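>>> Pasted the sequence and its predicted model underneath.
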Amino acid sequence: MKQLECIIKPFKLDDVRAALCELGITGLTAFEVKGFGRQKGRTARYRGSEMDIGFIPKIYLKMVVKDGDVEKTIKVIKEAARTGEIGDGKIFISSIDDAIRIRTGERGEAAL
Amino acid sequence: MNITEIAKSVDIIWVLVSAFLVFFMQAGFAMVATGFTRAKNAANIMMKSLMDFCVGSIAYWAVGFGIMFGADKLGLFGTNGWFLSTANPSNPDGLWQFAFWMFQVVFAATAATIVAGAMAERAKFSAYLIYSFFISLIIYPVVGHWIWGGGWLSNLGFVDFAGSTVVHSVGGWASLIGASVLGARLGKYDKDGKSNAIPGHNIPLATLGVFILWFGWFGFNPGSTLTGLNGSIATIAVTTNLAAAAGAIAALIVVWLQFRKPDPSMTLNGALAGLVSVTAPCACISPLSAVIIGAIGGVLVVYAVEFFDKVLHVDDPVGAISVHGVCGTWGTLSVGLFAQTAYGEASGVGAINGLFFGGGLHQFLTQLVGVVSVFAWVGVMAFTLFYTLKKTIGLRVSPQEEIEGLDLGEHDLASYPDFQQTTIKSYHLREM
């Protein structure tokens, strides 16, 4: 099992969710977060003065998928979240030791 | 000071106080529109509400007032009084004209700002500014001339005391055309035509807005006597208040029975529906008739909102088309049904009886002529205006800007910095 953590543009959330549902994902958790990447935020103007916006709103997604599903999940997210502009986000992948479905007690990939 | 001068002063004071109350309705409309829409567009709605009054004031001063109240040409439009040039500041009549203009400009602005709510969350700011200029410059003043400025409808005996048609239907039908030409908000309708709810972000603000509007209506209707010397302003205040109360109660009952919950946003629309409905007949009906007219308005608004949303698929985030267009029409027609001579004569509307009080169908048919012709005028003019805007500078923001919010895209700020949670859609606090 792998955990996929993705940072995406907020307005791409619906597209990513729809694409993942089409793929048959079994669950997804979304967080509204703020952060910055290589651009270090952006500037805006407020009453004529420049204002640094150090943290830009992003959506943080977490999902755990079967080992065999990792590549196609990544492909779907990459396609759905991409605009080609700066700030499209990143995907981080890590291993998951175990999973438990609380209601039934199932473990491992069966619990996903 | 002789008694005539004192009487004139009383009129000026009453009309100005009423004008100031009606001015405050701008705040009411702004609060309703932002309360019923999402937080990411709040600053944009504030800017539209502020600027339609500013742009409209200038346009109405320069041209609109002249078209509405200038010397009549063919019963269709006025032809002088541009830039308030006929008002002489050194005589009583000229001073009265200033008070009268102040009262009329806030009415013009009311018609203009109704549309902001219907086109909220996707209309381009620049296009909206141009729209508000033209509605105050020509679309509204021509209707005003027909009905209040000595034009053909007033000669026909058409009665619209405070503007169910002149103000509300004009705003409502312009909303219908604007929202149709603009198209629905992203995510409002699925491909198969299913309508999705997009809940507003602040029901307390929307409620405050409705209270402000209700308050302002005590200037809107009783002020339309244009004189403080007529005690009928008391009757009119009563009919106005009763219709609003009955409208809210009727809408509440309908939504409660239909959707099993006393839905706040629809009940708020019900109060406004009652107010809009009673605006035309308020000076020529009994309190009981006001309750009936308001209640019917409250029922109508619920079904009208469903009709425009689910049948016609016109996306109107605040229900402006139903509240102002549909109930404005109903209120205008109701004059032909409920008018009573005793009330009409006292307030100066005249000796008319509606169908239910032995007057026959004549008044009702006159009202119908007015309703249909105003619909046609506003329909054609608003369509021309919005369609031209769509094909030239564009009427709508980009999809990305719409999803991120017009506050960011148009104004580069957030209305509630560091407080906003808007992207993840979860409408219900409980798990369903």
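Looks like it arrived, so ask away.
>>> Look up how far residue B:197 lies from residue B:205.
Per Cβ to Cβ, to the nearest Å, residue B:205 is found 18 Å from residue B:197. The C-beta positions use only the backbone N, C-alpha and C, and glycine is treated the same way.
>>> got it, and residue B:55?
On the measure of Cβ to Cβ, residue B:55 and residue B:197 end up 33 Å apart.
>>> coming back round to it: please say which of residue B:205 and residue B:197 ends up with more neighbours.
Taking other Cβ atoms under 10 Å in any protein chain shown, residue B:205 and residue B:197 do not tie; residue B:205 has more neighbours (18 against 8).
>>> Taking chain A, what residue is nearest to chain B?
residue A:11 (3.6 Å; Cβ to the nearest Cβ).
>>> That residue: neighbour count?
Neighbour tally, residue A:11, other Cβ under 10 Å: 19.
>>> Let me know the pLDDT of it.
You'll see residue A:11 listed with a pLDDT of 87.
>>> Same question for residue A:55.
82.
>>> which residue packs closest to it, ignoring adjacent ones?
residue A:34 (3.8 Å; Cβ to Cβ, 6 or more residues apart in numbering or on different chains).
>>> Could you do residue B:336 as well?
residue B:364 is the one closest to residue B:336 (Cβ to Cβ, 6+ apart), at 2.9 Å.
>>> Is it correct that the one you found is in contact with residue B:333?
Yes: using Cβ atoms under 8 Å, residue B:364 is in contact with residue B:333, at 6.6 Å.
>>> Give me the more crowded residue out of those two.
residue B:333 (24 against 18).
>>> before we move on, the earlier item: now the residue of chain A closest to chain B. Nearest residue, chain neighbours left out?
Distance criterion Cβ to Cβ, 6+ apart; nearest residue to residue A:11, sequence neighbours excluded, is residue B:403 at 3.6 Å.
>>> give me every residue that touches that neighbour.
A:10, A:11, A:14, B:186 (Cβ atoms under 8 Å, 6 or more residues apart in numbering or on different chains).
>>> Nearest to chain A: which residue in the stretch 301-432 of chain B?
Taking Cβ to the nearest Cβ, chain A has its nearest neighbour within the stretch 301-432 of chain B at residue B:403, 3.6 Å off.
>>> Would you mark the buried spots in the host helix or strand of that residue?
Residue B:403 is part of helix B:399-404, with elements assigned from DSSP states H and E. Within helix B:399-404, the residues that qualify as buried are B:401, B:402, B:403, B:404, counting by 16 or more other Cβ atoms under 10 Å in any protein chain shown.
>>> Listing request: residues of chain B with sub-threshold pLDDT.
B:418-432 (pLDDT under 70).
>>> And the strands in it, which stretches?
B:72-73, B:77-78 (DSSP state E).
>>> which strand is the longest one in chain A?
Assigned via DSSP E, chain A shows its longest strand as strand A:56-65.
>>> Counting by contacts, list what that strand packs against.
strand A:2-8, helix A:13-23, strand A:29-35, helix A:70-81 (3 or more Cβ pairs under 8 Å, 6 or more residues apart in numbering or on different chains; DSSP states H and E).
>>> Parallel or antiparallel, which strands does it pair with?
strand A:2-8 (antiparallel), strand A:29-35 (antiparallel) (DSSP bridges).
>>> need the least confident one among those, by mean pLDDT.
Mean pLDDT per stretch puts strand A:29-35 lowest among those, at a mean of 90.
>>> ok, is the helix or strand following that one in contact with chain B or not?
Next helix or strand after strand A:29-35 toward the C-terminus (DSSP H and E): strand A:42-46. Yes: counting by Cβ under 8 Å from any Cβ of the partner chain, chain B is contacted by strand A:42-46 at A:44, A:45, A:46.
>>> Pull the residues that contact the longest strand of chain A.
With Cβ under 8 Å, 6+ apart as the criterion, strand A:56-65 contacts A:1-10, A:12-13, A:16, A:20, A:25, A:27-36, A:41-42, A:73, A:77, A:87, A:89, A:96, A:99, A:112, B:420, B:423-424.
>>> how deep is residue B:27 tucked in, by neighbour count?
17.
>>> What separation is there between it and residue B:254?
28 Å.
>>> same question, residue A:48
50 Å.
>>> Show me which of these two is the more surrounded one.
residue B:254 (20 against 5).
>>> about what we covered before: drop anything exposed from the residues of strand A:42-46 next to chain B.
For the residues of strand A:42-46 next to chain B, a burial check counting by 16+ other Cβ under 10 Å picks out nothing.
>>> from the residues you listed, which is closest to residue B:311?
The shortest approach to residue B:311 among the residues of strand A:42-46 next to chain B belongs to residue A:44, at 42.0 Å (Cβ to Cβ).
>>> Chain A versus residue B:78, what's the distance?
42 Å (Cβ to the nearest Cβ, to the nearest Å).
>>> do residue B:247 as well
37 Å.
>>> For that residue, which non-adjacent residue is spatially closest?
residue B:274 (2.1 Å).
>>> got a list of what residue B:392 touches?
Counting by Cβ under 8 Å, 6+ apart, residue B:392 has no contacts.
>>> And it, its phi and psi?
Residue B:392 adopts backbone torsions of phi -110, psi -90, taken as degrees, to the nearest 10.
>>> Let's have the strands of chain B in a markdown table, adding mean neighbour count.
Shown next, in a markdown table, are these (neighbours: other Cβ atoms under 10 Å in any protein chain shown):
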| stretch | mean neighbour count |
| --- | --- |
| strand B:72-73 | 15 |
| strand B:77-78 | 22 |
